[in-house]
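>>> how would this look folded up:
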Amino acid sequence: MSITVLSFVIRYCLLPLLLVPLLSKSLYIITLISGYTGIEDFSALQVVANDAGLYAVIIGLFYLSLLAFVPYFVAVLLRLLASVLLCIYLVDYFVIVNFNAHLLFSDVFKYASYSLRYTQQTYQDQPLLLVLIIIAGGSYLLLLLTGVKVIGNKIHSAYVITILVLIGSTTLIHGQQSYVHAWVFKNVIDYNLTALSESRAYSKPFIEQLKFEEPYSCAEKSAKNPNVIVLMVESLSSYQSDFFSGVHDWTPHLDNIARQNTAYQQFYANGFTTEDGEISLLTGRLPIPKPASLTAGGGTSFAGFFDLPDTLPKILKARDYQTNFLTTADLSFSNTGAWLASIGFDYIEGHEHPYYDQWPRYHFSAAPDEALLQRINAVVEQDMAAGKRSFTFAKTVSTHHPFVDPQSNIKSEEAAFRYADRQIGQFYEGLKASGYFEHGLLIIVGDHHAMVPLKEPEIQRFGVQRAGSRVPLIIADGSEVARNINDLYQQTDVYNGLKYLGREQSCQSPWLGNVFGYGAWTAQYIAHRRGDNRDIISVFSGQHNVRIKLDGDKTKVVGQNALSDKINQRLVDKINATRISVKASAKE
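Below is the predicted model of the structure:
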């Protein structure tokens, strides 16, 4: 009976079932984009058209394996190959749903070890989905090994017509590269081929001939040694704040803190991941990996950024600061714990701390932000009671995709950020009441733009290239002297400002400013490593935007801009020199 049922499924249900992921992905993407941007005139046909070639190959391989004259072992091999391609397609779909990004094959090295745990944590409240996956997997295994063949002209015709329609659909692809979300329409193979140039290495002669020196200038300043808390808020983006964008009003408490202190209206993340934010804020390096480094856009996390000599923890430790890193996340993810130790933190704490044992856990095994903020208070008070100056870097988690509000358990981006906003507001008021600001600073900063499609209002206000990198920065010192800074700053400028704590001099370059300069010490150029197009680095200078395509020796400016050829080449030289300077270490 089971063979009879399986034969029926293969002959009459396999083709429609194979088409389900294609149709599902098309509807998901179009709903996602229209839901965030308000644009409803993009057709799901574009997703179908871009995926049609790959899908024609998948269905064609299955069809060939079902023909009567194909030997059994050949049929199994054909189905295995089709299964691999289908699996890649499904994983890419999963990555789009969870991270608003395509799967890069090189990312497998980075995320494979944690993917099962992340999936379990994210979908633990959907046991039916797990059951369906197990059933589908078992049935699929039977399909691979069965000897059932296609019979009947109608079935043959259905496969042939479907394959021809898919091939014909590829002619409907529109040249939409100017559309901000055009990357999402590409199929996973095309996307990887486009981004492949990022991994292209520099030749030895090119490295030897490249000459780039970055000029630095220095200025006198007052020497201060405050306690410092850097609160890096997961996915905190300008569009969530009425004060920083006027798009949404999800962060009223954060906005009040901004209005009472120093707020940076044109502040940019240097990358698109949390790791990029940590590298920028703690080392002052641009988070641009070396070619073929297998780092995010590659694989091994933090590759090339281990054991750096002039990190904030090492610099401040030499000035008698106690340096702490606190998070509720799992520090094994992305090799974060090992990297933090290599850059010199005195104390590193993650989700394993006993303090979090009585708290509920969410993605990355993290307790909610409320627990983290309470823990920060305890650690800072302990340092101050011991007479130590304290530098504490804390990373929140509750606002990470899939955006679960820990209080209501509702999956909603707005609810998750309103929750985090309330906790940050209470944390700030607690610091004020404790007298922390008499000798302390609180720096609140986003790690990267949330991994969701750009909204039409933020595109209109910030522009297509800049909207995806805008994050809030607030520096609170308790003085309640409002400063609204409109000059361009970036995450590496936070590093550079903190680097000179306790010093009477501060230095900067065209690529590295100082957030405490309030306009006098702004960088001339800001670089952003993009998540939508991994092979592109965006550079912002004044009102000018430049796109640099990574391609080894052939790295170049693409598209039009108003800067001179000489300046454009200077920008390319900087990016090349940055990537070439990234060195591997034994700990990677």
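>>> could you list which residues are in contact with residue 509?
Neighbour list for residue 509: 214-217, 523 [criterion: C-beta atoms under 8 Å, 6 or more residues apart in numbering]. Every residue, glycine included, has its C-beta placed from N, CA and C.
>>> where do the strands of the protein begin and end?
Under the criterion DSSP state E, the chain contains strands at 217-220, 227-233, 262-268, 321-327, 347-349, 389-395, 440-446, 473-476, 483-490, 505-508, 526-529, 536-541, 544-549, 556-558.
>>> CSV for those strands, including distance to residue 315 and mean neighbour count?
Converted to CSV, those look like this (distance: least, C-beta to C-beta, whole Å; neighbours: other C-beta atoms under 10 Å):
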stretch, distance to residue 315, mean neighbour count
strand 217-220, 16, 10
strand 227-233, 12, 24
strand 262-268, 22, 23
strand 321-327, 9, 24
strand 347-349, 16, 18
strand 389-395, 9, 24
strand 440-446, 16, 23
strand 473-476, 19, 24
strand 483-490, 19, 19
strand 505-508, 13, 17
strand 526-529, 22, 27
strand 536-541, 27, 22
strand 544-549, 30, 19
strand 556-558, 34, 15
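>>> these: which one's closest to residue 50?
strand 536-541 (19.0 Å; C-beta to C-beta).
>>> show me how far that closest one is from its chain's centre.
17 Å (C-alpha atoms, centre = their mean, to the nearest Å).
>>> again, but for stretch 66-78
42 Å.
>>> same question, stretch 459-475
15 Å.
>>> now the terminal residues of it, how far apart.
Length of stretch 459-475, first residue to last, C-alpha to C-alpha, to the nearest Å: 26 Å.
>>> so which bits of that stretch are buried?
Within stretch 459-475, the residues scored as buried using 16 or more other C-beta atoms under 10 Å are 459, 461-462, 464-475.
>>> identify the farthest-apart pair in the residues you listed.
Pairwise over those, using C-beta to C-beta, the maximum falls at 464 and 475, 28.6 Å.
>>> which residues touch residue 379?
Per C-beta under 8 Å, 6+ apart, neighbours of residue 379: 324, 326, 347, 349, 390, 392.
>>> from the residues you listed, which is closest to residue 46?
Nearest to residue 46 among the contacts of residue 379, with distances taken as C-beta to C-beta, is residue 326, at 44.4 Å.
>>> for residue 252, see how far away the residue lying closest to that closest one once chain neighbours are set aside is.
Spatial nearest neighbour of residue 326, chain neighbours left out: residue 394 (4.6 Å); criterion: C-beta to C-beta, 6 or more residues apart in numbering. From residue 394 over to residue 252 the distance is 22 Å, taken as C-beta to C-beta, to the nearest Å.
>>> do residue 103 as well
37 Å.
>>> swap in residue 274?
25 Å.
>>> over to residue 56?
For residue 56 relative to residue 252 (C-beta to C-beta), the value is 51 Å.
>>> between these two, which one's more packed in?
A count of neighbours by other C-beta atoms under 10 Å puts residue 56 above the other of residue 56 and residue 252, at 19 against 15.
>>> check contacts around the residue nearest to residue 326.
Contacts of residue 394 (C-beta under 8 Å, 6+ apart): 229-232, 325-327, 372-373, 376.
>>> cool, and residue 55?
19, 22, 89, 166.
>>> with residue 461 instead?
Here residue 461 is in contact with 245-247, 467 (C-beta under 8 Å, 6+ apart).
>>> nearest to residue 158, of those residues?
Closest to residue 158, out of all of these and judged by C-beta to C-beta, is residue 467, at 44.7 Å.
>>> per-residue confidence for that closest one?
Predicted confidence (pLDDT) for residue 467: 93.
>>> tell me the most packed of the contacts of residue 461, by neighbour count.
residue 467 (23 neighbours).
>>> how close does that one get to residue 50?
Counting by C-beta to C-beta - residue 467 and residue 50 are separated by 23 Å.
>>> wait, residue 320 touches residue 387, no?
No: judged on C-beta atoms under 8 Å, residue 320 makes no contact with residue 387 at a distance of 10.1 Å.
>>> those two: who's more crowded?
residue 320 (10 against 6).
>>> list the contacts for the more buried one?
With C-beta under 8 Å, 6+ apart, residue 320 has these contacts: 388-389.
>>> low pLDDT regions in the stretch 151-300 of the chain?
151-152, 174-182, 292-300 (pLDDT under 70).
>>> how about the helices in it?
For the stretch 151-300 of the chain, applying DSSP state H, counting those that start in this stretch gives helices covering 153-169, 188-195, 204-209, 252-260, 274-283.
>>> for the contacts of residue 461, work out which two are farthest apart.
246 and 467 (13.1 Å).
>>> list of residues touching stretch 430-437?
Against stretch 430-437 from outside (C-beta under 8 Å, 6+ apart): 227, 229, 377, 380-381, 440, 442, 476-479.
>>> then stretch 81-88?
18, 21, 54, 57-59, 61-62, 65, 103, 140, 144, 188-189.
>>> ok, now with 7 Å
Identification of contacts with stretch 81-88 by C-beta atoms under 7 Å, 6 or more residues apart in numbering yields 54, 57-58, 61-62, 144, 188.
>>> same thing with stretch 356-364?
118, 121-122, 328-330, 333, 367-368, 371, 397-398, 400, 404, 406.
>>> buried among the residues you listed? Make that a ChimeraX selection.
In ChimeraX, this line selects whichever of the contacts of stretch 356-364 come out buried by 16+ other C-beta under 10 Å:
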select :118,121,122,328,329,330,333,367,368,371,397,398,400,404,406
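>>> tell me the one of the contacts of stretch 356-364 nearest residue 241?
Nearest member of the contacts of stretch 356-364 to residue 241, counting by C-beta to C-beta, is residue 398, at 16.7 Å.
>>> picking that back up, now, of the contacts of residue 55, which are buried?
22, 89, 166.
>>> pretty sure the first one contacts residue 50?
Yep, that's residue 22 we're talking about. No: in this structure residue 22 lies outside contact range of residue 50 using C-beta atoms under 7 Å: 10.6 Å.
>>> give me the neighbour count for residue 253.
Residue 253: 18 neighbours (other C-beta under 10 Å).
>>> about what we covered before: quick check: bridge partners of the residue nearest to residue 326?
residue 231, residue 326 (DSSP bridges).
>>> pull up the gap between it and residue 417, please.
Counting by C-beta to C-beta, the gap from residue 394 to residue 417 is 17 Å.
>>> from the contacts of residue 394, which is closest to residue 303?
Among the contacts of residue 394, and counting by C-beta to C-beta, the member closest to residue 303 is residue 325, at 19.5 Å.
>>> contacting residues for that closest one?
340, 345, 348, 393.
>>> same question for residue 314.
With the criterion set at C-beta under 7 Å, 6+ apart, residue 314 makes contact with 343-344.
>>> how about 10 Å then?
Listed by C-beta atoms under 10 Å, 6 or more residues apart in numbering, the contact partners of residue 314 are 282-283, 308, 323, 343-345.
>>> as JSON lines, these with distance to residue 270 would be great.
Formatted as JSON lines, the contacts of residue 314 follow (distance: C-beta to C-beta, whole Å):
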{"residue": "282", "distance to residue 270": "12"}
{"residue": "283", "distance to residue 270": "11"}
{"residue": "308", "distance to residue 270": "15"}
{"residue": "323", "distance to residue 270": "21"}
{"residue": "343", "distance to residue 270": "16"}
{"residue": "344", "distance to residue 270": "20"}
{"residue": "345", "distance to residue 270": "20"}
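>>> centre of the chain to stretch 85-105, how far?
The answer for stretch 85-105 is 14 Å, by C-alpha atoms, centre = their mean.
>>> where does the prediction get shaky in the stretch 1-150 of the chain?
Looking along the stretch 1-150 of the chain with the criterion set at pLDDT under 70, you get 1-12, 33-44, 106, 108-150.
>>> what does the stretch 401-550 of the chain give?
Using pLDDT under 70, the flagged stretches of the stretch 401-550 of the chain are 518-520.
>>> can you pull out the helices in the stretch 451-588 of the chain?
Going by DSSP H, counting those that start in this stretch, the stretch 451-588 of the chain shows helices at 456-462, 464-467, 491-499, 565-581.
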